[in-house]
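K.L.:
requesting a structural model of the entry that follows:
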Amino acid sequence: MELRGPALALLEIESIARGMVVADAVLKRAQVEIEISEPTTPGKYLLLFSGGIAEVEESMKAGVELAGSTLLDKLFLPQPAPGLVRALRGQFFEDWQESIGIVETQSAASALCSSDSALKRAEVQLRQLRLARGIGGKGYFVITGALHMIETALEAAAAAIDPQYLIAAERIQQPAPAFRRSHPI
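P.N.:
Sure thing, here's the model as predicted:
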């Protein structure tokens, strides 16, 4: 995936058919690029697109309007954290540091929003990011860093989203070597 601009938008739609219609409308409204456009479990549709800030915002408005009552969640993210952009391209930090933090959310949009906030607020690295696929439409991410930075990042991640979307924000201080081996990227 190659992000083509300084902004991202994500729409989660409860209907696969409506999701496809929304994807077409988003592309027709402004010059944006589709990064992810696919059905996810449990029968939802995930649409992530990028481009210039004004273009993404314009296309998102069209997508939200067309999705109507089938819209489950949305996110407009101008200037995403560089670590988040790398993760969306499949490039993750491979080394374990002192501690890890795990954030699990109800939606892919809330996972993106909270991970962006965590990466911007603290000196941590993103080890893993999963959005919707194969996890019941939820999202989660794993960060690594010094314990005090993990705690700061987890606070920022939780504060960035509505509490109803946060399932868990956990930390592990000095993960066991066996845990590290059994949880590769």
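K.L.:
please make it C-alpha for all contacts and neighbour counts, starting now.
P.N.:
Noted.
K.L.:
so A109 sits in a helix?
P.N.:
Yes. Judged by DSSP: H, G, I helix; E, B strand; the rest coil, A109 forms part of a helix.
K.L.:
quick check, it in contact with L11.
P.N.:
Yes. Between A109 and L11 there is a contact under CA atoms under 8 Å: 7.3 Å.
K.L.:
which residues are common contacts for these two?
P.N.:
D73, K74, L75 (CA atoms under 8 Å, 6 or more residues apart in numbering).
K.L.:
could I get the pLDDT score of the second one?
P.N.:
This means K74. Note on K74: pLDDT of 94.
K.L.:
so who does G139 touch?
P.N.:
Counting by CA under 8 Å, 6+ apart, G139 makes contact with E104, T105, Q106, S107, A108, A109, S110, A111, L129, R130, L131, A132.
K.L.:
who wins for neighbours among the shared contacts of A109 and L11?
P.N.:
Among the shared contacts of A109 and L11, the one with the most neighbours (other CA atoms under 10 Å) is K74, at 22 neighbours.
K.L.:
over to it. Which of the three states is it?
P.N.:
Per three-state DSSP, K74 ends up strand.
K.L.:
please identify which helix or strand holds the nearest residue to it once chain neighbours are set aside.
P.N.:
Distances taken as CA to CA, 6 or more residues apart in numbering put L11 closest to K74, at 4.6 Å, once the chain neighbours are dropped. Secondary structure from DSSP states H and E places L11 in strand 7-13.
K.L.:
hey, C-alpha coordinates of that strand in CSV?
P.N.:
In CSV, the C-alpha atoms belonging to strand 7-13 read as follows (Å, rounded to 0.1, in the frame of the first residue of the first chain):
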residue,chain,number,x,y,z
ALA,A,7,-4.6,12.7,4.8
LEU,A,8,-6.5,9.4,5.4
ALA,A,9,-10.2,8.7,5.8
LEU,A,10,-11.8,5.4,6.9
LEU,A,11,-15.4,4.4,6.7
GLU,A,12,-16.9,1.3,8.2
ILE,A,13,-20.2,0.4,6.7
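K.L.:
mean confidence score for that strand?
P.N.:
95.
K.L.:
contacting residues around that strand?
P.N.:
For strand 7-13, the external contacting residues (CA under 8 Å, 6+ apart) are 19, 44-53, 56-57, 60, 63-64, 67, 70-80, 107-109.
K.L.:
out of those residues, which are buried?
P.N.:
19, 44-53, 56-57, 60, 63-64, 67, 70-78, 80, 107-109 (16 or more other CA atoms under 10 Å).
K.L.:
contacting residues for P39?
P.N.:
I16, Y45, L46.
K.L.:
run the last query once more with 6 Å
P.N.:
Contacts for P39 (CA atoms under 6 Å, 6 or more residues apart in numbering) come out as I16, Y45.
K.L.:
does the spatially most central residue of the chain belong to a helix or a strand, and which?
P.N.:
Taking CA atoms, centre = their mean as the criterion, L112 is the residue nearest the geometric centre of the chain, at 2.2 Å. Using DSSP H and E, L112 sits within helix 108-121.
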